[in-house]
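Participant: Sharing a sequence plus its predicted fold:
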Amino acid sequence: METCLLQILVTHIFVKNVIKNNIQTGGERKMKNKEVEQDHQKHIESLKKYAKENGFEMPEGSEYKIVAVGYLAWGEPFEKGEVSINFLNKLHILWGEGITLGSMGHHECEFCIDEGNYENRGKSSSEKELTDRENKIKYIFPEMIFHYITKHNFKPSNEFVEFVMRN
Ligand SMILES: [Zn+2]
């Protein structure tokens, strides 16, 4: 049973990366929050179908709502404001504990580039998943969220901030 579950997860990550790499070829196009959520939801649906056809149990939380945080793209408005040092510290700790998702490939900060700060532009290539069991939410956020918060004044939703501070 454990082997079966592992196989499902490996398939899940593999398919996800293939699709993401395809999306990215030919222009480093960044995915936005809604697209990331839809992408994850699509994969969960295909996982469910696969699990049902093969008689496997879905892992806990697969019915949770997917909420993407901090997938910013140049030209798209985003919430700005101060966040507390406590929040940032907490997020760093959770970053070290959460589930690391398959790499979305290398990303560079479009805002830095736009500001002519190419030399010191933010770069990242990984993302995390954190589960809010109380509210049945799976949060997905990119490593770049730290850069967006500290360099571009990005303010994540109150819902996300409260979740981070509770953990
Ligand atoms: Zn930047």
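Facilitator: Yep, that arrived. Residues are numbered from 1 along each chain as shown.
Participant: CA atoms for contacts and neighbours, from now on please.
Facilitator: Noted.
Participant: Flag the shaky bits of the protein, pLDDT-wise.
Facilitator: Along the chain, segments meeting pLDDT under 70 span 1-30, 102-106.
Participant: Compute the number of surrounding residues for the residue of it found nearest the ion.
Facilitator: Nearest residue of the chain to the ion (Cα to the ion) works out as Cys112 at 3.9 Å. Around Cys112 there are 19 other residues, counting by other Cα atoms under 10 Å.
Participant: Equivalent analysis for Glu97, please.
Facilitator: Neighbours of Glu97 under the rule other Cα under 10 Å: 12.
Participant: for Phe154, same thing?
Facilitator: If you count neighbours by other Cα under 10 Å, Phe154 ends up with 20.
Participant: Now the residue of the chain positioned farthest from its centre. Its backbone dihedrals?
Facilitator: Ranked by distance from the centre of the chain (Cα atoms, centre = their mean), the top residue is Gly55, with 28.8 Å. Backbone torsions for Gly55, taken as degrees, to the nearest 10, come to phi 70, psi 30.
Participant: picking that back up, these two touch, right, the residue of the chain closest to the ion and Lys123?
Facilitator: No. If you go by Cα atoms under 8 Å, Cys112 and Lys123 don't touch, sitting 10.0 Å apart.
Participant: rewinding a little: look up how far Glu63 lies from the residue farthest from the centre of the chain.
Facilitator: 17 Å (Cα to Cα, to the nearest Å).
Participant: This protein: helices as residue ranges?
Facilitator: With DSSP state H as the criterion, the chain has helices at 2-24, 33-54, 85-97, 110-114, 144-152, 158-166.
Participant: Buried residues in the second one, which are they?
Facilitator: This points to helix 33-54. Residues of helix 33-54 classed as buried: 33, 36-37, 39-41, 44, 47-48, 51 (neighbour count, 16 or more other Cα atoms under 10 Å).
Participant: Over to the last one?
Facilitator: Buried residues in helix 158-166, defined by neighbour count with 16+ other Cα under 10 Å: 160-161, 163-164.
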